[in-house]
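Sequence unavailable; structure follows:
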């Protein structure tokens, strides 16, 4: 699904965070959203997801403003994976992944055969079939991250927004999550409909897996291109305060 | 199987409640008398005295149990209780106001008006756009204000009789159950229960936080409205008829979670059944334990059973 962001400014309440963002994502792309802490990555993802109403400008998906969608229609088109990995109750993995089908359920919340198939597919895509009968709160951090990704994939939405899906995970789970995101965009490249935007702190992961990188700094989008071009010595110095030579980090600026 | 056992517990408690009273009615005659067959005295006792009391206990228990489960689901906190939104306190204030002015006949409508006023104030203060924290803070504030106003009325009670009437009413009892009260309380609680049952699927989605629930199409405004109206009806109707009965909404969902899992959508109706069974049983116990001179109040007994059990649960959770 195509995403167009036009002159977007938004924030949390009266606190302005994003400032005049213009960009776009094409169907089939995996976009890596990078930037220092507090640069506005989460705010941008939440605004695209329709969770924050923009102060000015708009986000369009499939040529329609996100805020013009009815809540359930928007939920079927945009899957959002939160940074927070907590679940309030001791749900089983399958119960938790089934929450992804909420936009399709009736008033009584029953799952249809289609819903069950989508949940099964999501469990396979996120490599957590073996975990399905276990309690979510008994899993390791890495397993929980995969289960929550399965929850987001179960929505079956053409746009997936993932807010730091690899944060505080060991390399095995980081790569496993990135492969699932890559497959989500790649597989659907065949259908030509899906887009994934993931905020990341690990620049090497972003470089390895993403088609394009959006670099945020102080609420602005300062670069938008392929990883090799974007993660230049200049950007690393200006945005991340990292001194580097030919992509090799030498020291941080204090 | 476990659900069948819970339902059986509720039915047995109701039969026990129907069989208790000053006049002995043979067990085989209970149900025929309830449906108007057999001895006239038995029919009158069953239809006018015992059945309304049992029905009231069932509805009040169901309302309190479901309210507790729904509020715990909404706040994502197992310590939430129907009292947290302040409706028990505003309903009690309404009832005490009627007693203060020597109008015992107005206790029920005044308590209902109190619960309605509490719900209206809460929605006006916390609005439909705020999060759970603002709702709880506003509820606790409204409850504290209503409790202090109730204290003020007791402070300035016109005479010792009015004061003792207020104190006894606040202890909670179903002694004055009547057919009219059962119809009024049952009807309002039923509407409240429907509202609370409808919140189940959304509360399940809310397990992952407000933002994720919103991203999955949950309307938090609609959810809050259903929750506040449902809890106000259940708690308001219960307090209006039986006075302040606490703790059921806190510990019934807690116990049931260890048997049936934690899914809020399942725990709300199960807590209604469990709460109904528990309150009927507790009310039966108050009748068994009361002597001709001393009455054991339902609110006191339910807290006396509930609190130690809750302490034991907390202790067990701490050790595990």
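Arrived safely. Just so we're clear, the structure is a prediction, and the values are computed from it rather than from any experiment.

how about the residues of the stretch 1-150 of chain A that lie near chain B?
In this structure, the stretch 1-150 of chain A approaches chain B at residues A:46, A:49-51, A:71-72, A:74-76, A:78-80, A:82, A:84, A:86-92, A:95-96, A:99-100, A:102-103, A:105, A:107-109, A:148, judged by CB under 8 Å from any CB of the partner chain. Backbone N, C-alpha and C define where each C-beta goes, glycine included.

Next step: those residues restricted to helices.
The members of the residues of the stretch 1-150 of chain A next to chain B that map onto helices under DSSP state H are A:46, A:71-72, A:74-76, A:95-96, A:148.

between those, which is closest to residue B:263?
Among these, residue A:95 lies closest to residue B:263 (CB to CB), at 6.2 Å.

How about the contacts made by the nearest residue to that closest one once chain neighbours are set aside?
Computed as CB to CB, 6 or more residues apart in numbering or on different chains, the closest residue to residue A:95 that is not its neighbour in sequence is residue B:263, at 6.2 Å. Contacts here follow CB atoms under 8 Å, 6 or more residues apart in numbering or on different chains; on that basis residue B:263 touches A:89, A:91, A:95, B:204.

doesn't residue A:9 fall inside a helix?
No: secondary structure assignment places residue A:9 outside any helix; it is strand (DSSP: H, G, I helix; E, B strand; the rest coil).

Neighbours of it, how many?
Summarising burial for residue A:9: neighbours were counted as other CB atoms under 10 Å in any protein chain shown, giving 16.

got a list of what it touches?
The contact partners of residue A:9, taken as CB under 8 Å, 6+ apart, are A:16, A:18-21, A:54-57.

Drop anything exposed from those residues.
Applying 16 or more other CB atoms under 10 Å in any protein chain shown to these, the neighbour count classes A:18-19, A:21, A:54, A:57 as buried.

Is residue A:167 in a helix, a strand, or coil?
Residue A:167 carries the three-state label coil when classified by three-state DSSP.

Could you tell me how many residues sit around it?
Residue A:167: 15 surrounding residues under other CB under 10 Å.

From chain B, how far off is it?
In this structure, residue A:167 lies at 16 Å from chain B, with CB to the nearest CB, to the nearest Å as the measure.

Please give me every residue in contact with that residue.
A:83, A:201.

now the helices: where do they sit in chain A?
Assigned by DSSP H, chain A shows helices spanning A:41-48, A:71-77, A:93-98, A:113-125, A:141-154, A:171-191, A:203-209, A:227-230, A:233-238.

which stretch among those comes nearest residue A:61?
Closest to residue A:61 of the helices of chain A is helix A:71-77 (CB to CB; 6.2 Å).

what comes into contact with that closest one?
Under the criterion CB under 8 Å, 6+ apart, residues A:1, A:50, A:61-62, A:66, A:69, A:102-104, A:155-159, B:214-219 lie in contact with helix A:71-77.

What residues of stretch A:171-185 count as buried?
Burial within stretch A:171-185, assessed by neighbour count using 16+ other CB under 10 Å, is assigned to A:173-178, A:180-182, A:184-185.

circling back: now the helices of chain A in a markdown table, with mean pLDDT?
Formatted as a markdown table, the helices of chain A follow (pLDDT from 0 to 100):
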| stretch | mean pLDDT |
| --- | --- |
| helix A:41-48 | 95 |
| helix A:71-77 | 93 |
| helix A:93-98 | 94 |
| helix A:113-125 | 92 |
| helix A:141-154 | 92 |
| helix A:171-191 | 80 |
| helix A:203-209 | 90 |
| helix A:227-230 | 84 |
| helix A:233-238 | 79 |
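
Now do the strands in chain B.
Across chain B, reading from the start of the chain, there are no strands by DSSP state E.

where in it is pLDDT low?
In the predicted model, chain B carries pLDDT under 70 at residues B:127-130, B:292, B:320.

Just give me the residue closest to the centre of the chain.
Unless you meant another one, I'm taking chain A. Averaging the C-alpha coordinates of chain A gives a centre point, and the residue nearest to it by CA atoms, centre = their mean is residue A:162 (1.7 Å).

The intended chain is chain B.
Among the residues of chain B, the one closest to the centroid is residue B:64, at 3.0 Å (CA atoms, centre = their mean).

residues contacting that one?
Contacts of residue B:64 (CB under 8 Å, 6+ apart): B:82, B:234-235, B:238, B:245, B:248-249, B:252, B:275, B:279.

same check, this time on residue B:171
B:243-244, B:297-300.

Show me which of those is closest to chain A.
Taking CB to the nearest CB as the measure, chain A lies nearest residue B:244 of the contacts of residue B:171, at 28.5 Å.

And the contacts of stretch B:102-120?
Identification of contacts with stretch B:102-120 by CB under 8 Å, 6+ apart yields B:85-87, B:89-95, B:97-99, B:142-143, B:146, B:158, B:162, B:165, B:169, B:181, B:184, B:188, B:228-229, B:231-233, B:235-237, B:239-241.
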